[in-house]
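> Provided below are the primary sequence and the corresponding predicted coordinates.
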Amino acid sequence: MEPLPGLKIARLEDYDSYSPSLKGFTPPPQTPDLANSSVADLLKDLAYLQPRGEIVACFVPEEPQDPGLVLDNQPIPSPLGAAEISLIQAKSIQGQDEGLGDTAIVETDKIAFSNPAWTSYVDAGITASLNPMTKRKDYKYVLVNMTLVAPGVQTLNLCAVSEDHFATVFVVFPSHRHSTFIEAKHGSLKIGKGRDGVARLVSPGEERPVYRPEHLTTPMFISLYTGIETVTLDTTSEIPICFLTYHIKHDTTYNTPIPTLNNVITGPREEITRAFAVWAYCLSNGITLSGNPDRYLFYHLDEEYSDDTRASFMMHKKDEAILGHFGPPAKHYGFDMFIAHVNILQACVWENVKERGKHDIEYPTRDWRMGENGPVETETSWVVAGMDGKPVSNATLVEYIDQHLKNGGWFLNDHLNLDDDSGRTLEVIERSEYTDRLRLTCSKRASFLVISPPRDGPSKAHN
């Protein structure tokens, strides 16, 4: 069943009247073999819809590190100047690379590093640069080559060399360049890296942001997802850019692949449609199947939306993709769709004993953790809305999802982590002669897509 792309998501806002297109769609036969696979099994690869986090990130370590670069037993001092560039060119293969113009490539069998600290420096740099893109650590990296390209605007190659190649990291060597521009374009998205290192949208006609390393003697790590349509690297100096290329690959000993931009949805996903067919079949035939929702199906959206957000205003690309894929089969098989928003307040109150006479003790928040000095009370406030963003009264759903959340129930794309208290705040709510009463709080917000069987059960037309 074809997903709803882009602007057509708005069709879901009049959900009662919405009729999905069945062009080219053949529903799975409603036969007992549908119960051979569960909803959880069929939807386990939803991470492939789009990668989480930023598509490009930069990291410049606070401390410089000389790699101790050695090419064919020839030491190359750092930072790179004209003399060092000439030495690299002498050890390289000259060629033309698409988008890079004249290039000089040094193969890995000629590259060595005399500084024993360089390996751990690169490991830490790659990890830090990938953190904004993925929190997963089940990856490995391999050095591909060293590349030297002429000054000016250069287009970087972000093609994946294998299915498990999800990102590339360029380690730009220190040189006497003045500054470096990094810009990525993917579809309608255009991201520039400013000097604060934070990705942001660049409006048409806006001056391109500049990434200026504080230490010109410090290497720069640039991490990018494979599959990005266009990435340009620009230097304003006369010194060529020299960088190491590392391919970052998913460790295949783990079962769940790390998503890449190569897997952004462009057409029907049979397993998603089949998941709804399985669920409808089991509900209609009274079949309880491990891996099927016992009542509702919850998907934790990547963005935290306002209470009145309607379907077409969900601007996060992955959330948009989920709506586009879930909407047609959900409606076809008679399910309802809602958006549930929750504000969560966790609080912990305790008495802290102190010496007599100390009245104005300061309590730094960093010294206290949620739950270490007393029980954590969790308060929630829910708003349920239709796909048009209008509030819906559904006490049964609110009670169920509230207990589901507090008891650690199953959510697709779950990334809430109630144990994370990094946003906590501490206050002294009462002082006395021998004790102070302290209160530690932590606030969170989340939005969920809710799939609900209709009150009368799935339409018998599909069974």
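That came through, no problem.
> Could you check this protein and say which of its helices or strands has the lowest average pLDDT?
strand 199-201 (a mean of 37; mean pLDDT, DSSP states H and E).
> is it fair to say residue 397 lies in a helix?
Yes - the assignment for residue 397 (DSSP: H, G, I helix; E, B strand; the rest coil) places it in a helix.
> Which residues are in contact with it?
By C-beta atoms under 8 Å, 6 or more residues apart in numbering, the contact set of residue 397 is 296, 338, 340, 384, 450, 452. (Glycine included, C-beta is placed from N, CA and C.)
> tell me the pLDDT at it?
As predicted, residue 397 sits at a pLDDT of 95.
> Just read off the phi/psi values of residue 439.
phi -130, psi 120 (degrees, to the nearest 10).
> same question, the one 10 residues further on
The main-chain torsion angles of residue 449 are listed as degrees, to the nearest 10 and equal phi -90, psi 130.
> my read: it touches residue 339, true?
Yes - between residue 449 and residue 339 there is a contact at 6.3 Å, judged by C-beta atoms under 8 Å.
> For the contacts of residue 397, pick the one with the most neighbours.
In terms of neighbours by other C-beta atoms under 10 Å, these top out with residue 340 at 24 neighbours.
> what about that residue, which SS state?
Residue 340 falls in the strand class when you classify it by three-state DSSP.
> quick one: it and residue 451 touch, right?
No - between residue 340 and residue 451 there is no contact under C-beta under 8 Å: 11.1 Å.
> Spit out the residues that contact the two alike.
Jointly contacting residue 340 and residue 451 under the rule C-beta under 8 Å, 6+ apart are residue 298.
> which residues in the protein form helices?
Along the chain, counting by DSSP state H, helices occupy 39-42, 82-90, 118-130, 270-284, 317-332, 395-406.
> Run a quick neighbour tally on residue 410.
Residues lying near residue 410 (other C-beta under 10 Å) number 12.
> Phi first, then psi, for it.
Backbone torsions of residue 410, given as degrees, to the nearest 10, read phi -80, psi 120.
> Report the contact partners of it.
Going by C-beta under 8 Å, 6+ apart, residue 410 touches 40, 293, 298, 404.
> Between the residues you listed, which sits nearest residue 151?
Using C-beta to C-beta, residue 298 is the member of the contacts of residue 410 that sits closest to residue 151, with 52.2 Å.
> give me the number of residues near that closest one?
23.
> per-residue confidence at the closest residue to it other than its chain neighbours?
Among residues not flanking residue 298 along the chain, residue 411 sits closest, at 4.7 Å (C-beta to C-beta, 6 or more residues apart in numbering). Turning to residue 411, the model gives it a pLDDT of 93.
> Let me know how buried residue 352 is, in neighbour terms.
14.
> same deal with residue 353?
The burial count for residue 353: 7, using other C-beta under 10 Å.
> Any idea what it is bridged to?
residue 435 (DSSP bridges).
> cool, residue 113 as well?
Residues in a beta bridge with residue 113, per DSSP bridges, are residue 69.
> so how far is residue 104 from it?
19 Å (C-beta to C-beta, to the nearest Å).
> Between the two, which is the more surrounded one?
More neighbours surround residue 104 than the other of residue 113 and residue 104, with 21 against 16 (other C-beta under 10 Å).
> what's across from the more buried one in the sheet?
In beta-bridge terms (that is, DSSP bridges), residue 104 pairs with residue 94, residue 148.
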